[in-house]
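>>> Show me how the following folds:
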Amino acid sequence: MGASTASFVTTVVVGIVITLVVGVLLRRIGRDFLAEVYGDRSLSTSLNYLLVTLYYLFALGLLTLVAGADLGLAGVQLVVVRVGIFLLVLGGVYGVAVLALERARRGRREEDLEDDFRRGAEGRR
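Below you'll find the model as predicted:
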């Protein structure tokens, strides 16, 4: 195995492990957020699977691009830089996903508060 092949394989293996760990975390967090937002267990589960599938497709696509990038480095340095780039972009994607879930939850809470307020106002009339 040549240096470039070894660095490619190492980057892919490390990237897949990181992708799987972060995907499991996103699935757990997404399940709780979506269950709170939608209440309907089957709907929140389905949406969560869609979200996690999108994450995996994006992360693995990003991994293939980063692993194949020729950065003018060699050996361990190349692997570390590739994994670093992958982690930075993946962290951003994870953050955006969590923010989107939080925004959906906040919107649902505001709708519930408005509904409660309207019911209370109608009850006083």
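
>>> Please make it C-alpha for all contacts and neighbour counts, starting now.
Will do.

>>> Tell me the buried residues in stretch 34-54?
Neighbour-count burial for stretch 34-54 flags 34, 35, 36, 37, 38, 44, 45, 47, 48, 51, 52 (criterion: 16 or more other CA atoms under 10 Å).

>>> And stretch 13-21, by the same measure?
15, 16, 18, 19.

>>> would you list every one of the helices in the protein?
With DSSP state H as the criterion, the chain has helices at 3-38, 41-67, 75-124.

>>> Pipe these into CSV and attach mean pLDDT per row.
Putting the helices of the chain into CSV (pLDDT from 0 to 100) gives the following:
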stretch, mean pLDDT
helix 3-38, 85
helix 41-67, 85
helix 75-124, 81
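
>>> For residue 5, give me its contacts.
Residue 5 makes no contacts at all, as judged by CA atoms under 8 Å, 6 or more residues apart in numbering.

>>> Could you measure from it over to residue 74?
In this view, residue 5 and residue 74 are 11 Å apart by CA to CA, to the nearest Å.

>>> can I get the buried residues of stretch 34-54 in JSON lines with distance to residue 102?
Below are these laid out as JSON lines (distance: CA to CA, whole Å):
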{"residue": "34", "distance to residue 102": "9"}
{"residue": "35", "distance to residue 102": "12"}
{"residue": "36", "distance to residue 102": "10"}
{"residue": "37", "distance to residue 102": "9"}
{"residue": "38", "distance to residue 102": "13"}
{"residue": "44", "distance to residue 102": "14"}
{"residue": "45", "distance to residue 102": "16"}
{"residue": "47", "distance to residue 102": "14"}
{"residue": "48", "distance to residue 102": "14"}
{"residue": "51", "distance to residue 102": "14"}
{"residue": "52", "distance to residue 102": "16"}
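
>>> Touching, residue 66 and residue 86? I think so.
Yes. Using CA atoms under 8 Å, residue 66 is in contact with residue 86, at 6.5 Å.

>>> Please give me every residue in contact with the most centrally placed residue in the chain.
For the chain, residue 94 is the residue whose C-alpha lies nearest the centre (CA atoms, centre = their mean; 3.7 Å). Residues in contact with residue 94 (CA under 8 Å, 6+ apart) are 22, 26.
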